[in-house]
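Q: here are the coordinates; sequence isn't available:
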């Protein structure tokens, strides 16, 4: 069973280790010094950022991270994305990583995304959809999104997380499921 909890400062050494892993560093391209982790993730742990950084656990053991936010809270994401696809009010964005290299390639990315989608529908009743831009070159990531039920709704150029990448991104979306009719 996959569960989530808010990232805390006590998790920074683990997150630093994950960000240093080659399979994470390739796509996240994040500084890995402890100072950089504190600088970039500290505001979220203190409630100074509107987005959430959530540790993902499998049977009580941490294996990944999901970032979740209202797109409207991040105009630097919303504006360029809106030039490619229609972004409705109430759209949520997620980003994610499997940090534990021993858990890569086992379908956990898809399971983690599905679990986060379910949690989003439960915790955010105003959420109309989840939209995820992903580098077109990151095949494993966009396949995990497709297996989790998201649909590719567009493609276009966005600033890549890693400057070595082409700016081409695929945009995925899943709308809130309709409640069952009784």
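A: In hand now; what should we look at? Keep in mind that what you see is a predicted model, and the values were worked out from it rather than measured.
Q: which residues does residue 70 contact?
A: With contact taken as CB atoms under 8 Å, 6 or more residues apart in numbering, residue 70 is in contact with 50, 90-93. Quick note: C-beta positions are derived from backbone N, CA and C, even for glycine.
Q: can we see that at 6 Å?
A: With contacts defined as CB atoms under 6 Å, 6 or more residues apart in numbering, residue 70 is in contact with residue 92.
Q: same thing with residue 151?
A: Applying CB under 6 Å, 6+ apart, no residues contact residue 151.
Q: Let me see the backbone angles for it.
A: Main-chain torsions, residue 151, degrees, to the nearest 10: phi -110, psi 140.
Q: where are the low-confidence patches of the protein?
A: The chain contains residues with pLDDT under 70 at 179-182.
Q: Can you identify each of the helices in it by residue range?
A: Along the chain, counting by DSSP state H, helices occupy 12-20, 22-28, 34-45, 75-82, 108-123, 139-147.
Q: What's opposite residue 65 in the beta bridge?
A: With DSSP bridges as the criterion, residue 65 is bridged to residue 55, residue 97.
Q: Pull the number of nearby residues for it.
A: Using other CB atoms under 10 Å, residue 65 is surrounded by 25 other residues.
Q: separation between it and residue 155?
A: Distance, residue 65 to residue 155, by CB to CB, to the nearest Å: 25 Å.
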